[in-house]
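> pasted the sequence and its predicted model underneath.
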Amino acid sequence: MIDSEQLKQNVVKAVEEIRATNPMAGSITNTVTIDFVANAQLAVGGSAAMVYLPDEGEALVAGGGAIYLNMGTLFPIYEQTIPRAAKAAHDAGKPWVLDPVGLGIGSLRTQLVNELKQYKPPIVRGNASEIIALAGLWGLEGEAADLSRVRGVDTTDTVDAARDAAVALARYTGGAVVVSGEVDLITDGTTVAKSHGGSPLMSKITGCGCSQGGVLAVYACATDPFTAAICGTAVYNVAGTRAAAVADAPASFKVAFIDELYLATAQDIADNQLELEEA
């Protein structure tokens, strides 16, 4: 299990490197939240690019440091685009982030998520119900997947209930898993971290989870999956807390939130409240 002080040093180094190098982390993402994803990536110091077509997804992998694959609003072309991008990243040894949004809605989504298992995403991000469903679908933990647990993009399970599923997923992929919630859970299969902060207003704007996936991909350009996952959750919790101090309604909160992503220093992110325990 990693020492907390060493983890803080790793976070500071990763955040500072991102700000200095401006790496490109492409996205194939939810059409509802493309603008938010791109602006969040830019705010933390990365560069954004959004595409739909299979060859363009492969080009983003080749030209960038990481790629984010979000299953939110699927188009028929994604049946080619998403697996080809994941395969390209896997074959090139580049990190990619899987966000299994809405797992259980329709057969194409389930088919694609099953196909992605072989490419072992270095970072998986989802709410508790999505993480439980994904671990079940991939046969990694507990009983076979109960996809009815996922209610659209909302969770019907607690973060703590998804702990075992998250650990099982991380051990399978060799990477990290982020379970978003009131207190976020992050694990690499050896260590379980709980990241505090944020605001209830984050659930009142669409795209906080999707945009966080894009930010995780940015940090993955500079560091290992677990450190990147800690960076991505911590900066969101810092920004959420600070934005809520100056805004008390969703629209103004979103603007303030993006500002605070931009303003958070490496030390601010490293110092965000974090609890570590053995998995």
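Looks like it came in fine. Since we're looking at a predicted model, the values are computed, not measured. Numbers count the residues shown, from 1 in each chain.
> with only the CA atoms kept, save the longest helix along the chain in CSV.
Assignment by DSSP state H gives helix 225-244 as the longest helix of the chain. The C-alpha coordinates for helix 225-244 follow below in CSV (Å, rounded to 0.1, in the frame of the first residue of the first chain):
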residue,chain,number,x,y,z
PRO,A,225,-3.5,5.2,-13.3
PHE,A,226,-3.9,5.3,-9.6
THR,A,227,-2.2,8.6,-9.2
ALA,A,228,-4.2,10.0,-12.2
ALA,A,229,-7.4,8.8,-10.5
ILE,A,230,-6.5,10.5,-7.3
CYS,A,231,-5.7,13.7,-9.1
GLY,A,232,-9.0,13.7,-11.0
THR,A,233,-11.2,13.0,-8.0
ALA,A,234,-9.3,15.4,-5.8
VAL,A,235,-9.4,18.4,-8.2
TYR,A,236,-13.1,17.9,-8.6
ASN,A,237,-13.7,17.8,-4.9
VAL,A,238,-11.6,20.9,-4.4
ALA,A,239,-13.3,22.8,-7.2
GLY,A,240,-16.8,21.7,-6.0
THR,A,241,-16.2,22.8,-2.5
ARG,A,242,-14.8,26.2,-3.6
ALA,A,243,-17.5,26.8,-6.2
ALA,A,244,-20.2,26.2,-3.7
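> how far off centre is it?
Here helix 225-244 is found 11 Å from its chain centre; the criterion is C-alpha atoms, centre = their mean, to the nearest Å.
> list the buried ones in the helix or strand just after it?
Where DSSP states H and E defines the elements, the next helix or strand beyond helix 225-244 is helix 250-263. In terms of neighbour count (16 or more other C-beta atoms under 10 Å), helix 250-263 has its buried residues at 253-254, 256-261. No exception for glycine: its C-beta is placed from N, CA and C like everyone else's.
> now for helix 250-263, which elements pack on it?
Counting contacts by 3 or more C-beta pairs under 8 Å, 6 or more residues apart in numbering; DSSP states H and E, helix 250-263 is packed against helix 34-44, helix 225-244.
> give me the angle between the last one and helix 250-263.
It stands for helix 225-244. 130 degrees (axes from the mean of the first three to the mean of the last three C-alpha atoms, to 10 degrees).
> if we can go back for a sec, redo the buried residues of helix 250-263 as CSV? Include pLDDT and distance to residue 75.
Listed next are those as CSV, based on pLDDT from 0 to 100; distance: C-beta to C-beta, whole Å:
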residue, pLDDT, distance to residue 75
253, 98, 30
254, 98, 26
256, 98, 33
257, 98, 28
258, 98, 27
259, 98, 32
260, 98, 33
261, 98, 28
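> can I get those in a markdown table including distance to residue 129?
Shown next, in a markdown table, are the buried residues of helix 250-263 (distance: C-beta to C-beta, whole Å):
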| residue | distance to residue 129 |
| --- | --- |
| 253 | 25 |
| 254 | 24 |
| 256 | 29 |
| 257 | 24 |
| 258 | 27 |
| 259 | 31 |
| 260 | 28 |
| 261 | 26 |
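> grab the nearest non-local neighbour of the residue nearest the centre of the chain.
Centroid-nearest residue in the chain, with C-alpha atoms, centre = their mean: residue 213, separated by 3.1 Å. Nearest residue to residue 213, sequence neighbours excluded (C-beta to C-beta, 6 or more residues apart in numbering): residue 99, at 4.2 Å.
> what lies in contact with stretch 231-247?
11, 14-15, 44, 125, 178, 180, 184, 186, 195-202, 208, 212, 215-216, 218-219, 223, 253, 255-261, 263-264, 268-270, 272-274 (C-beta atoms under 8 Å, 6 or more residues apart in numbering).
> which ones among those residues are found in strands?
The members of those that map onto strands under DSSP state E are 125, 178, 180, 184, 186, 195, 274.
> you'd agree the fifth one is up against residue 170?
No: Residue 186 is not in contact with residue 170 according to C-beta atoms under 8 Å; the separation is 9.1 Å.
> what residues are shared contacts of the two?
176-177.
> pretty sure residue 60 sits in a helix.
Yes: the assignment for residue 60 by DSSP: H, G, I helix; E, B strand; the rest coil puts it in a helix.
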